[in-house]
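>>> Task: produce atomic coordinates for the following.
(one chain, ligands or ions: 1)
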Amino acid sequence: MASGSQVLTNFVGLYNSSALHAIPTLINLASQSILNSSGIAQTLTSASLPWPDVETKLQYNANVMSSGILLGIALITLLSGFATEIVRDREWKLRGQLRISGVSFNLYWGTIYLRDIVVFLIPCTAIIIAVIILDIKGLNSEGPILAMLLMFLTLIPFGILMIMVISFLFDKGESVMSYLPPLLQLSGMIPYIVVALVDMITQSNWAIILHYIFCVVLPPYLMFSGFYFISRVNLYAVIKGEEPTTSDYFDADSHILVTIILPIIHCLWMYWLLRVLDVRATDGNPRAAFPCLATGLDKDSDPGRAINDDVIEGEDEDVSAERSRVERLTSENTVNYSRANGVQAGTELQVVAFTNQLRKAFTKREKGSGRKKGKEKTKVAVRNLSVAVDKGEVLGLLGPNGAGKSTALNMMIAETAPTKGRVVVSGNNVRANAHSVLETLGYCPQHDALWETITLEEHVRCFAALKGIHPSQLEEVIDFYINNLKLQEHRKKASKKLSGGTKRKLSYIMSILGSPQLVLMDEPSTGMDPQSKRFLWDTINASFKNTSRGAVLTTHYMEEADALCDRVGIMVNGTLECLGATQHLKNKYGSGYILEVKLSLALPGDVEELMDQLEEHLKTLFPNMDTVERFMERSQYSIPKEDVKSLGTTFSSLEQCKSTHKLEEYSFSQSSLEQVFLYFAKKQLEDGEEDGDRDGRRGSPRRTNSTQDQQPQPV
Ligand SMILES: Nc1ncnc2c1ncn2[C@@H]1O[C@H](COP(=O)(O)OP(=O)(O)OP(=O)(O)O)[C@@H](O)[C@H]1O
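Numbering: from 1, shown residues only. Coordinates of the predicted model:
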């Protein structure tokens, strides 16, 4: 059994899980094949043919087995490398960005497929050339070469498609090369070794039965098995004392044909699976593509079956009015009318897009102890959001971190599947008509979706072409954005070398190119310098005001919301708490004053205690005041109008307070949008990270059923 240990040595020596080592593995493999073949040849001449003894047969099989293992490992390791880029495209949201820019399933996957086939052809051709040039015995004759050629013809397209499908098991590019090669190598090699051992030991049909079963149920096995059966035909013919003919390789007993034909059949269902996964797998979760596997995901996107909370207890009246407006827009007639006619008349149809009862619940299982499964936890990220974007409107979505703004936008671009509810853009349901709807969208994601090695200018050029900008205008458009956003010096830099602010500018340009019908911008100005921010504001104002287009913008800059948004909605814990023009919100929720104080740090004593004393004193001046924020020596209070009889008296009381409580400084002003925001932000903190479902009930303890009391306390 010397050859058995040789196989083991070869296997252990050459086994690796990295694509980097695939080429050396391949070269090693070629020399191994030469050695194996010459070994076989020597054994054959020295053995007393026509029929060898058992030991010779075992040695032949062991040699054949090692060639198959080595070739299979090399091919599958090379193939695994192709998955990294696909997973990265998904991880960095580039696939979504391309989809929104009109890159269809066939275009995206077809391009990658053709490119990978060409690349993969190189090592496969190298194997054939090496066999011919090095005159590898047993393989360098017409039969095996023809069999290998035919095998590669189907194995290459099959292998790449298989990798594309399997890539959906991964959500991080980094983990692909750590886990995918061993996963594929083992799932192909273990059945291969089982078949070869059964063949070697029992010399019975069991090996062939297993071969057929594995070919069907374990596709990676196909990358290994063909080589074994090619060498097997050759060996058994020689053992019988005959020269194998070409037809020996393709007759029914050779079992090679199955490794050539089955990949074609696998390709058919894999293409279907890839389509389903690409179109339906959302949230980076392939299970989302199959409703039966997806607990709590995308089970119902029909607003008719959504929780009946038209009248939500304690809901703001503006939010309720918007909900009713959206209900009317959703009525079958309206949607059909808009779908059929494109341009609509009448006030109700003057909307670019709307969401109806849009809801997203993320279900996560907590870690269990031992064998016990952990409890399922549900986080409702967006709670029955009904809002419409009017033509010519920039709608602002504000809210503290984790309020659900990005999740809402992700559902609007069909990147995240809603648990319930519907998104309609230009009269079309986004989930049902994703391709045609997405072509009319522009999206600036919160995290820049860029190819690391592609330059800034190439990004702009590529997306301008995708958005259908005429080649004659291309240069002008590129220069306009690059010059105005002061990007000239970064034009030729690869995106990985760009600063955070520059990347944001690039993402913004990519979203606005081609004048999409609806542009969704998730914190577009984060990290931008004031001058660029000003240009961004100008272009947003010019792009949407008085047009038939619309935009949704999320931001943490109140002055940006004030300057750009026609209406602003503030979200808290997934719920839209208020909606309206910024002035309306200031009047409604900010009809009072804001007092900001700062204690002198030079004061002796505990800051907390001093702050408590100050608050006690302030309560005597403003009995209905509310603490908005308190941090170290600073605090902020909202003071209702009725507590301020006259500004003169108030200021003299505050001056007195300044000297008695040793205030370093204080400010007393009318409420701004920021203060309205802070009021709601505080509510999110009070409500806490509330898990579970609370439909129809609001978390705020302030809310009651009486219409009068439904208004939150003014700031
Ligand atoms: N894929 C996910 N799985 C589980 N929970 C998620 C997922 N995505 C978002 N969430 C949760 O949903 C909630 C809303 O998140 P989202 O990113 O929409 O908030 P946001 O308002 O955009 O916050 P920020 O201002 O920080 O961007 C958060 O509590 C977040 O943890």
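>>> Low-confidence bits of the stretch 201-350 of the chain, can you list those?
The model of the stretch 201-350 of the chain has pLDDT under 70 over residues 280-313, 332-349.
>>> 50 instead, please
The model of the stretch 201-350 of the chain has pLDDT under 50 over residues 296-311, 333, 335-348.
>>> Check the stretch 51-200 of the chain too.
Along the stretch 51-200 of the chain, segments meeting pLDDT under 50 span 51-52, 54-55, 58.
>>> Looking at it, which residue is nearest the ligand?
residue 171 (10.0 Å; Cβ to the nearest ligand atom). Placement of C-beta: from N, CA and C, glycine included.
>>> Isn't that residue up against residue 92?
No. Checked against Cβ atoms under 8 Å, the pair residue 171 and residue 92 is beyond contact range at 11.2 Å.
>>> Looking at those two now, which is surrounded by more residues?
Neighbours were counted for residue 171 and for residue 92 using other Cβ atoms under 10 Å; residue 92 has more, 18 against 15.
>>> How about the more buried one, nearest residue that isn't a chain neighbour?
residue 449 (5.3 Å; Cβ to Cβ, 6 or more residues apart in numbering).
>>> Residue 166 belongs to a helix?
Yes. Under DSSP: H, G, I helix; E, B strand; the rest coil, residue 166 sits within a helix.
>>> Would you map the strands across this structure?
With DSSP state E, the ranges of strands along the chain come out as 351-365, 376-390, 394-398, 420-425, 428-429, 441-444, 518-522, 550-554, 567-572, 575-580, 592-599, 626-631, 634-640, 663-670.
>>> Each with direction, which strands does the second one pair with?
Strands flanking strand 376-390 in the sheet, each with its direction: strand 351-365 (antiparallel) (DSSP bridges).
>>> The strand it pairs with to strand 394-398, inter-axis angle?
20 degrees (axes from the mean of the first three to the mean of the last three Cα atoms, to 10 degrees).
>>> Please see if strand 351-365 touches the ligand.
Yes. On the criterion Cβ under 6 Å from any ligand atom, strand 351-365 is in touch with the ligand at residue 362.
>>> gap between that strand and the chain center?
Counting by Cα atoms, centre = their mean, to the nearest Å, strand 351-365 is centred 17 Å from the centre of its parent chain.
>>> give the contact list for residue 532.
485-486, 501, 505, 525 (Cβ atoms under 8 Å, 6 or more residues apart in numbering).
>>> Equivalent analysis for residue 158, please.
219, 222, 263-264, 266-267, 270 are the contacts of residue 158 under Cβ under 8 Å, 6+ apart.
>>> Could you rerun that using 7 Å?
263, 266-267 (Cβ atoms under 7 Å, 6 or more residues apart in numbering).
>>> Who wins on neighbours among those?
Going by other Cβ under 10 Å, residue 263 tops the contacts of residue 158 with 25 neighbours.
>>> Give me the nearest residue to that one, chain neighbours excluded.
Residue 263 sits nearest to residue 158 (Cβ to Cβ, 6+ apart), 3.4 Å away.
>>> that older thread, mind putting the strands of the chain in TSV, mean neighbour count, mean pLDDT and distance to residue 69 included?
Listed next are these as TSV, based on neighbours: other Cβ atoms under 10 Å; pLDDT from 0 to 100; distance: least, Cβ to Cβ, whole Å:
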stretch	mean neighbour count	mean pLDDT	distance to residue 69
strand 351-365	22	86	39
strand 376-390	22	88	43
strand 394-398	26	93	56
strand 420-425	24	88	51
strand 428-429	18	82	51
strand 441-444	26	90	47
strand 518-522	25	93	49
strand 550-554	26	94	54
strand 567-572	26	92	57
strand 575-580	25	91	59
strand 592-599	21	87	73
strand 626-631	14	84	65
strand 634-640	20	86	69
strand 663-670	14	86	76
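>>> Could I get the full set of helices for the stretch 1-150 of the chain?
Secondary structure of the stretch 1-150 of the chain by DSSP state H, counting those that start in this stretch: the helices cover 2-14, 22-46, 54-91, 94-100, 105-133, 142-166.
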